[in-house]
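# Next comes the sequence, and after it the predicted model I'd like to discuss.
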Amino acid sequence: DQQVKQNSPSLSVQEGRISILNCDYTNSMFDYFLWYKKYPAEGPTFLISISSIKDKNEDGRFTVFLNKSAKHLSLHIVPSQPGDSAVYFCAASHPISNFGNEKLTFGTGTRLTIIP
Amino acid sequence: DSGVTQTPKHLITATGQRVTLRCSPRSGDLSVYWYQQSLDQGLQFLIQYYNGEERAKGNILERFSAQQFPDLHSELNLSSLELGDSALYFCASSVVVGGTDTQYFGPGTRLTVL
């Protein structure tokens, strides 16, 4: 049961344009969402997160939008740069105790290619 | 650099063997998580430790086990290895702030079982 889905395995965007990566989830208990960027042979690098009490969070060129009613989140990268070429993973979690969140449930990733 | 270290970076071994993967969390982080990423797959949660105690289990095989030591480093033990165990194994650590936390990942250990 794939609780977090990234339906686009790949995306190509012209340098300078906006990249929009999408993610859908099915578990309504999820209340914390994260985006990670991964280069080959490296570990995932945290990019940005959003709590379910918000619908938008910005950090520089990266903005994450959360639509709880649609169980959908998206990552916008503006402007896109060649160094943004990587695999992007969406992840979700929900708290199980005061000791922290439960495991992250990951999507299968979207490979973003920025075309110079 | 996330501050999470993993050793070794690469490991090549034969079926039936046993290996140990090591992880040192970021300074101050009490939680350690282990994930497996098989070819072209997303990351699958294996197990979580918090301050030395097992906190949650995911899709971890009985042939696999883990522990977290008093200095908070963690080891993942994989035994009776099979070809299908070949994968990237990532460790992540986090510190809890107000019930939500962000997991920071190490560079991973690539295990190849021949």
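Perfect, I can see it now.

# what about the nearest residue to A:Ala92 once chain neighbours are set aside, which helix or strand?
Using C-beta to C-beta, 6 or more residues apart in numbering or on different chains and skipping residues adjacent in sequence, the residue nearest A:Ala92 is A:Phe30, 4.0 Å away. Just so you know, the C-beta spots here come from the backbone N, C-alpha and C atoms, and that holds for glycine as well. Under the assignment given by DSSP states H and E, A:Phe30 is not contained in any helix or strand.

# swap in A:Leu47?
strand A:45-51.

# Contacts only, for the residue nearest to A:Ala92.
Each residue near A:Phe30 by C-beta atoms under 8 Å, 6 or more residues apart in numbering or on different chains is listed here: A:Gln3, A:Ser52, A:Ala92, A:Ser93, A:His94, A:Thr105.

# number of nearby residues for the fourth one?
Just to be clear, that refers to A:Ser93. Counted with other C-beta atoms under 10 Å in any protein chain shown, residues neighbouring A:Ser93 total 25.

# Give me the contact status of stretch B:67-75 with chain A.
No. Applying C-beta under 8 Å from any C-beta of the partner chain, one finds stretch B:67-75 separated from chain A by no less than 13.1 Å.

# And the contacts of that stretch?
B:20-25, B:29-30, B:32, B:34, B:49-53, B:66, B:77, B:91.

# Narrow those to those in strands?
Among the contacts of stretch B:67-75, the members found in strands (DSSP state E) are B:20-24, B:32, B:34, B:49-50, B:53, B:66, B:77, B:91.

# Export the residues you listed to JSON lines and append columns for pLDDT.
JSON lines is the format used below for these (pLDDT from 0 to 100):
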{"residue": "B:Thr20", "pLDDT": "98"}
{"residue": "B:Leu21", "pLDDT": "98"}
{"residue": "B:Arg22", "pLDDT": "98"}
{"residue": "B:Cys23", "pLDDT": "98"}
{"residue": "B:Ser24", "pLDDT": "97"}
{"residue": "B:Val32", "pLDDT": "93"}
{"residue": "B:Trp34", "pLDDT": "96"}
{"residue": "B:Tyr49", "pLDDT": "91"}
{"residue": "B:Tyr50", "pLDDT": "87"}
{"residue": "B:Glu53", "pLDDT": "91"}
{"residue": "B:Ala66", "pLDDT": "97"}
{"residue": "B:Asn77", "pLDDT": "98"}
{"residue": "B:Cys91", "pLDDT": "97"}
